[in-house]
Every structure is written in structure tokens, then in C-alpha cells.
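Engineer: could you look at this predicted model? Sequence included:
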Amino acid sequence: MRRAAARCWAVARRCGIVAYSIIMADILAREIKYVAGVGDVRARLLEREVGVRTVGDLLMRFPYRYVDRSRILRLMDVDESMESSYVQLRCRIVGMSYVGEGAKRRLIVDVTDPTGGAELLWFHGIKWIEKRIELNREYLIFGRPSLFKGRISMVHPEIEPIEVALSRKSESSFRGVYSTTERLSSAIQAKAMQTIVANAWALVAADANAFRDPLCEDMRRRHGLMPLKEAVYNMHFPQSAERLKQAQYRLKFDELLGVQLTIQARRTSRHKRGGGFLFPRVGEAFNTFYREKLPFALTAAQQRVIKEIRADMISGRQMNRLLQGDVGSGKTMVAFMSMLLAVDNGFQACIMAPTEILARQHYASMVRFAEGLGVRVAVLTGSSKTAERRTALEGIAAGEVDILVGTHALIEDRVQFANLGYVVIDEQHRFGVEQRAKLWTKNQQPPHILVMTATPIPRTLAMTLYGDLEVSVIDELPPGRQPIRTYHYFDSARLKMFGFLKREIAKGRQVYIVYPLIQGSEKMDYKDLYDGFDSITRDFPLPTYRTTVCHGKMKPADKDAAMLQFKRGEADILVATSVIEVGVDVPNATVMVIESAERFGLSQLHQLRGRVGRGSEQSYCILMSGDKLSKEGRARLEAMCATNDGFQLSELDLKLRGAGDIHGTQQSGDAFELNVANLATDTQIMEVTRNEAIAILDTDPALQRPENVALRALRDRHCKRERIDFSDIS
Ligand code: ADP
Ligand code: MG
């Protein structure tokens, strides 16, 4: 079989169509059930639970952390901070007892060391354990502690007589911990998993075809990279901390080189597509508006960004710019004024908003701004009535409309622009990449594109994900804004929160109360929302208080009616799901209450908070949460209370959640399958691989040279969704 594969490989190499999987040859492709210690049942579980089907899958699935097994803790040193990590203890068994009957039977083992005591628990496999432990003997215990009222307990730890443990010589004191699932861990415990990986490694160790290095020696030398096979070995069985670091570096390098080969190839193709429209004139509409109609002085940041956009518009290159500006920083004005630049040069512009409400709001402001400028504005949304729709469609096709405002209805094929020169996309993260790419097809020549977002991502990450996307930042709020005060209350303090709301409403202010809506649990979420609504109407009865409700399941017309009611001040309290997250402008609303705030992501919390603080009054954001918070949940709420700065929050978000989950990068993050590398923190490797990728693609854009063929596999392995073009996020 191996010979057949070798032949196949030779033929493939001649044809230049070799794939990495062929290099990885038969052993890595072998089904996992043939590995010693696996068998049919475990194999099926491994595939179902963690997607491991072959030896190669198993060996490319690395430990997510390592435990230094030379370190043994004293019980008195175990504290809450260790709750989700593994520790090793050396204890004596001083008691054994059983609780419960039948299937509910549990084994409780009391252990002590000279500094304290702990409790070990088994829910299943009790017979097996019983045979292996003895009172008054000393054991090495390995597992995850949990603390309740100062008492340490450990569920299903590994346990081994101390003499046995100490006599076991191992090459390294590091032991990998593999991620697992509940089902999987009951069939394959941590130690068994290690053994299985070791058995799998034994199969490939001597096979020169397994883990052939895709990087040439020259590149390895230049970057001081460990050979691939050695790296894989050290990921599983680190010979030392230093070797482990080198192995991780090597594997990150491969992953990020794969990512960069994808991104940079797209960048090159975008450049090839060539020129952008020229808007040389700063004309009448812009000047009149600037001199006579601008309702306030622009902030320095707004001015700078408008200049940056203008520079792109006269550069001859098509603009593809990301505008990051915190909530309330005045992005709409930048959008409007830059659209005037297009209009003054005889082009049409459009602005696309993620929701109906926001599109209508933009339309209203743009009509107001455009008054007396001779600039014609139209609107088109999913709920546009026939007349409105006709006006927009005909006006746009005939070139009679200059600015079209709308939702993703703008992407529909029926919308034909006479002369589209500029597209603004507001609150980018609500649009799918494919949707945005569709706007391209509306023109022979691509329009200039500005994507605006209130949830910034660090510049290095933006550059990496979006290739050569230009980035502008509004880093300043209009003057006179009072920072919003944010507080975190546990549910138990609800009455106190209600009291506060009543005082604010008595002052004539309005209040948002927002409930989470999480995919997959909508049903429960809507129940929470309605329960909440009921309790609020009870505690805030008519006629003193007027409460209204708004959520995504309502008919658009009802939703709008509710929002309008609130906007006009005809309701004191708006109970809503996060549909109000984006853009709604009600300056008299001063309190944002976020229920189950621990269930929201940081950027979403920040977005929601941005709905208040829009007027001159002091505004508040109140984060309600249950008593039991995860470490991460607590960190998010604390961060919210500590800062109003969206940039700081987004950096933190990135650290807490990884790049894949950050808004706008969501699709991109998902699209790269990264095991070891982290887009948020491995910026240095990102930089290095970026340059390598550019250099490689410069000489061999399609990776066709024999020495680059293996790189093609590297590239494809880490990109799930080939179709998406990130440099065309617009
Ligand atoms: P966002 O960046 O969140 O989209 P908006 O464009 O909605 O922010 O602006 C928020 C509010 O600030 C609006 O009411 C807008 O009119 C006002 N605004 C924008 N720029 C300025 C400025 N330079 N001075 C004063 N107010 C401004
Ligand atoms: Mg906005």
C-alpha cells in the first residue's frame, strides 16, 4: 500500500497536482480504530465528539494546555484561581463512604496532606476505583479542584499509588491535556488519551513520509523553525519548556503562513482589478453645506477622516476603507459629507444600514441635511410601499436620485444605479461578507467603499484580516458629552434598581430595558422578555408609567410603531431585545438597563450602552446579572464599569474571546481554522509570515512551482471558506 502511495505521489508530482494529503501518505490517513487502545467504540466516539477520524487527525489535535508534573501542590496552596486547571496533589486516604442508591450511588474519598484535607468524588466507575485504592495509603492525585465554602473537592481525579508514580520515569515532566467532551471523557480518561496519542505516534515515528515538511530548509533556517515532525512530537510530548515553545512557534508559523497566503493572494487580485473613480471637484453641494448648513463644528477627528476619504477619491485607486469610530462619535456626518463629494462629481452614492429603523433614521437626517442643496435623497427598504419603491427604483435608474438610503434591499437585483460611485455601509458587522460583495456587481467599475463600524478592531488585526484595507479612526467624541456611568447589580438588588428607574422617570427621562436573545435559546429568551415585561408593568403601573415593548419577532410595522412611540416620548420604558442595539437615537433616554448582561459579548454591551448618553443629561447603564458569574463574564462586566472607551474594550474582548468572535471579523475568524495560532496575540508571527507570503506570491502567484506545491496545501488546510474574499469586504 505504501508503495502504491509512493507511486501515486511520484505521478502527482510530475503532473504538478499533488495534494498535501498524498504527502501525508497512508499512515496518517489510517483510521483511528486501528491504533492500539482505540477500537470500534472509542473510534466512533472520537469521530462524533471531536471529529477525529484518522491517525493524522489525532496527531494534529494538540493539547490545549500542559501540566508540569514535576510540581506537586500542598492542599493549603489550592485556591479558587485554580478551579478550572489541573493540579497535582500528594495525599493519604483517610476515609471512604458512599452516598445514594443505585444509579445515583457516589463514592466519596477523604484525603489529607500535612496542610489540609480534600474530598474526591466518583459518580461512575466506582467498582474500578474501589479495587485500586486503599485506606491509609499515599497517592498522587491529579485533577481539577473545585472549592465550595473553603472545602476542596475533585470529581473523577486520576489517582495512582505514590511509589508507582515516583518510580515512573518519563522523558519530560510536561503532560498534555487534550480538550474533551463529557461523553468522550467518560470513555477515554486523560491518561488513556495520552496513551492513545503515544501509540499513534509510534506508528508514524519511523515513517519518513509522515509529516514531511512543507517549508523548505532555507525558510526554516531563516526563521529558526523546528522541522515539522519534531514540532508535532514536541506538541504532544514536550521534551522541555523550551522545545515546547519552539514547537508551538513552528506550528503557528505554518498556520499563519497559510492564512497570509490566502489573504495576500486576494490582495494582489484586487489590485489587478485596477482603477477607482476620480472625484476631483469639491463642489457646490459640499461647500454650501459646509459653510451654511453644518449644524455644529466638526471635531478634528471628523475633519481628518473626511480628508483621508477625499485623498482616496482623487488617487485613482478604488477606495476600500474601514472607518472605526466609537458609538456617538459622529460617523453619520462623515458619511453624508463624503457622499456629497461623490454627488458634486456627478456620481450617485448610497448608504446601507443594517436595520429598517436605522435606515429610516438615516433617511430622515439626510433629507434634513440635504434641504436646499439640490441633492435628491430617496429611501428603499424591505417594507417600502409601492409608491416609495417606485420613486426610488426609477429615480435611481434614471439618475434623478443622488443619494439612496436603505437596508440590504439595496442589494436586490432590481436596484439598478445609473452611476453609482460611492457606497457607505453602516455598522458593518450586521452584513454578511457575501452580501457586501454583491454591491460590486452593480457597476462595471467598482465604486469607492466606506465601511463604518462602532466596534473597532485593533489595527494590526484589521490589516491582517482585510489585507490592504485602509483604516480610519475617529478617536474623539463631540464636545460636551458626559461619560456614561455604568454599574453592575446582581439580580438580588432588583428593587434598588427599580427605585432608581422611578427617580429618573420622575425627572422626565426615559429608560431602555434590554433582554438578551441568544441563538438557539430564543424560545426561553422570549419567555424571559415577556416575564420581564409583565413584572415591569406590575411594578411600573399605568397611568404613572407607560411601558412599551419591541423585539425582532414583531411585525416590522409594530416594531416601528413601538420605537416611534418611545422616540416621541410617549413611552417611559422600552422593553426590548437587542434589536435596538444599533443606531437608535433618543437623546432623552438616560438609562440603559441590560438584563442577564453576563450573556452578552463586550462589544454588544458597549453598543447597547451607546444608546444612552446622547443628550446633555447624565446617563447611566445598569448591568443586571445572576449571582453566579463565570470568570470571563465577571471580567466583561468589570471592564464595562471601568471604561467607556470602545477601543480598550475591543482589545480586551479580543483577548477574552479570540479573534473569531469579534464582530465583523466573525466570518473571517471562522473562515480560518487555527489550532495553535491566535490572530489576536500572535502579531509578530503574523507580520513575519505576511512578508514571506508576499515574497512567495510575487514570484509564484498560483503556487505552482514544485517547491511551493506543499504550501498550497498549507494554505487550503487553514481556510474553510474558499469563496470569501476578505479584501473585498465591501
Ligand atoms: P455614530 O458614530 O454612533 O453613528 P452619530 O453619527 O449618530 O454617531 O452621531 C451621534 C450624535 O452626535 C448625533 O446626534 C450627531 O448629530 C451628533 N454629532 C455628530 N458630530 C458632531 C459634532 N462634531 N459636534 C456635535 N455633535 C455632533
Ligand atoms: Mg451610527
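Structural biologist: Received the coordinates, thanks. Ligands and ions are numbered 1, 2, ... in the order given.
Engineer: quick check: closest non-adjacent residue to Asp525.
Structural biologist: Leu517 (4.8 Å; Cβ to Cβ, 6 or more residues apart in numbering). Backbone N, C-alpha and C define where each C-beta goes, glycine included.
Engineer: could you do Asp312 as well?
Structural biologist: Met319 (3.7 Å).
Engineer: need the residues of the stretch 501-650 of the chain near ligand 1, please.
Structural biologist: Asp585 (Cβ under 6 Å from any ligand atom).
Engineer: scratch that, the chain is what I was asking about
Structural biologist: Residues of the chain lying near ligand 1 (Cβ under 6 Å from any ligand atom): 296, 298-299, 302, 325, 327-333, 454, 478, 585.
Engineer: helix or strand: which one has the residue nearest to Asp525?
Structural biologist: For Leu517, there is no helix or strand it lies in under DSSP states H and E.
Engineer: let me see the contact set for it.
Structural biologist: Asp525, Tyr526, Leu529, His551, Gly552, Thr577, Ser578 (Cβ atoms under 8 Å, 6 or more residues apart in numbering).
Engineer: which ones are touching the residue of the stretch 1-150 of the chain found nearest ligand 1?
Structural biologist: Nearest residue of the stretch 1-150 of the chain to ligand 1: Ser84, at 37.2 Å (Cβ to the nearest ligand atom). Neighbouring residues of Ser84 by Cβ under 8 Å, 6+ apart: Arg144, Lys631.
Engineer: is it in a helix, a strand, or coil?
Structural biologist: coil (DSSP: H, G, I helix; E, B strand; the rest coil).
Engineer: so what's it scoring on pLDDT?
Structural biologist: Looking at Ser84, its pLDDT stands at 70.
Engineer: what do you get for Arg270?
Structural biologist: 62.
Engineer: can you check the one 3 residues further on too?
Structural biologist: Each residue has a pLDDT score; the one for Arg273 is 61.
Engineer: returning to that earlier point: now, which of the residues of the chain next to ligand 1 sits nearest Leu404?
Structural biologist: Thr332 (15.5 Å; Cβ to Cβ).
Engineer: that older thread, tell me, how many residues neighbour the residue nearest to Asp312?
Structural biologist: For Met319, the count of nearby residues is 25 (other Cβ atoms under 10 Å).
Engineer: spit out the contact partners of it.
Structural biologist: Gly276, Ile309, Asp312, Met313, His448, Ile449, Leu450, Glu470.
Engineer: now do the contacts for the second one.
Structural biologist: What it means is Ile309. Ile309 makes contact with Met319, Arg321, Val334, Ser338, Leu341, Leu450, Ser472, according to Cβ under 8 Å, 6+ apart.
Engineer: ok, and the most crowded of those?
Structural biologist: Leu450 (29 neighbours).
Engineer: assumed that one was part of a helix.
Structural biologist: No. Assigned with three-state DSSP, Leu450 falls outside any helix and is strand.
Engineer: what sits closest to it if chain neighbours are left out?
Structural biologist: Val424 (4.8 Å).
Engineer: what is the strand or helix carrying that neighbour packed up against?
Structural biologist: Per DSSP H and E, Val424 falls inside strand 420-426. In terms of contacts (3 or more Cβ pairs under 8 Å, 6 or more residues apart in numbering; DSSP states H and E), strand 420-426 is packed against helix 331-344, strand 348-352, strand 448-453.
Engineer: done for today, thanks.
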